[in-house]
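Colleague: show me the folded form of this:
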Amino acid sequence: MTRGDREDLIRRLGIVVPKAGARVYAWSLLPNHFHLLIRTGAVHLSRIMRKVLTGYAVSFNRRHDRFGHLFQNRYKSILVEEEPYLLELVRYIHLNPLRAKVVDSVRELRFYPWSGHSVLLGKENCPWQDCGYILSQFGKGLRGARVAYERFVVEGVAQGRREDLVGGGLVRSLGGWQRVKSLGRGRERWASDERILGSRGRGGGIRGA
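Modeller: Modelled structure (predicted):
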């Protein structure tokens, strides 16, 4: 992704997300993909992503004088149970540039313009990102909430890649098939679904893409 590509993707998200009545809690752009934590409203996620990615692909091809499909695979969507995963995912997504070595330190991450982390810290402006809801989880005053949020992010650096935050339902979050089977017959299918992070029916429309 060039700077122009990133700006184009951000611009399209800024148009589509508010119109869809969705709320974005975390996002991160990396050289060849991006992550998005979003609470959908009346408009289904598939429509949101189709509008963003189709227009982006056409624009990308025009800028780079290329033809054909831009994305190799369909986006991966995971339904997220808000408790206890929401803040963990916000932190995990915003640490992606550091894990991918796009930035060299947490301090540099503060000023990385292609992530919701710098927006939550007030270093960048992104009107379509819901900062208020996330920061309210860390305190009532804006300044104190930002300090507490950044401390929370720094504490997650040592965790590295976490398999329990990339889907797989209760198989991953409970520790394997034996634990899942103990829940009772008929629940194994959805509990092992790669599209679910947590337990069934409590996702509240929050998805990680």
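
Colleague: which positions in the lengthiest helix in the chain come out as buried?
Modeller: For the chain, the longest helix by residue count, based on DSSP state H, is helix 45-63. Neighbour-count burial for helix 45-63, counted by 16 or more other Cβ atoms under 10 Å, picks out Leu45, Ile48, Met49, Lys51, Val52, Leu53, Gly55, Tyr56, Ser59, Phe60. Yep, even glycine has a C-beta here, placed from its N, CA and C like the rest.

Colleague: cool, and stretch 99-107?
Modeller: Val102, Val103.

Colleague: equivalent analysis for stretch 25-34, please.
Modeller: Neighbour counts over stretch 25-34 (16+ other Cβ under 10 Å) mark Tyr25, Ala26, Trp27, Ser28, Leu29, Phe34 as buried.

Colleague: what does stretch 6-24 give?
Modeller: Residues of stretch 6-24 classed as buried by neighbour count (16+ other Cβ under 10 Å): Asp8, Leu9, Ile10, Arg12, Leu13, Gly14, Val16, Val17, Ala20, Ala22, Arg23, Val24.

Colleague: could you work out the most separated pair of the buried residues of stretch 25-34?
Modeller: Pairwise distances across these (Cβ to Cβ) peak at 15.5 Å, for the pair Tyr25 and Leu29.

Colleague: how about the helices in the chain?
Modeller: 3-19, 45-63, 82-94, 96-99, 106-110, 116-120, 131-136, 142-155, 169-174, 177-181, 188-191.

Colleague: make TSV from the ones you listed and add distance to Arg39 and mean pLDDT to it.
Modeller: Shown next, in TSV, are those (distance: least, Cβ to Cβ, whole Å; pLDDT from 0 to 100):
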stretch	distance to Arg39	mean pLDDT
helix 3-19	10	90
helix 45-63	10	79
helix 82-94	9	84
helix 96-99	19	94
helix 106-110	24	96
helix 116-120	14	98
helix 131-136	9	96
helix 142-155	18	97
helix 169-174	19	39
helix 177-181	27	43
helix 188-191	21	40
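
Colleague: mind putting those helices into TSV with distance to Ile38?
Modeller: Formatted as TSV, the helices of the chain follow (distance: least, Cβ to Cβ, whole Å):
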stretch	distance to Ile38
helix 3-19	7
helix 45-63	7
helix 82-94	11
helix 96-99	16
helix 106-110	21
helix 116-120	11
helix 131-136	12
helix 142-155	19
helix 169-174	19
helix 177-181	27
helix 188-191	21
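
Colleague: circling back: can you add distance to Lys140 and give the buried residues of helix 45-63 back as CSV?
Modeller: Output for the buried residues of helix 45-63, formatted as CSV (distance: Cβ to Cβ, whole Å):
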residue, distance to Lys140
Leu45, 31
Ile48, 31
Met49, 34
Lys51, 36
Val52, 34
Leu53, 38
Gly55, 39
Tyr56, 38
Ser59, 41
Phe60, 42
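
Colleague: contacting residues for the residue lying closest to Ser115 once chain neighbours are set aside?
Modeller: In space, Ser115 comes closest to Ser28 once its chain neighbours are excluded; the distance is 4.5 Å by Cβ to Cβ, 6 or more residues apart in numbering. By Cβ atoms under 8 Å, 6 or more residues apart in numbering, the residues touching Ser28 are Phe34, His35, Ile93, His94, Asn96, Pro97, Trp114, Ser115, Gly116, His117.
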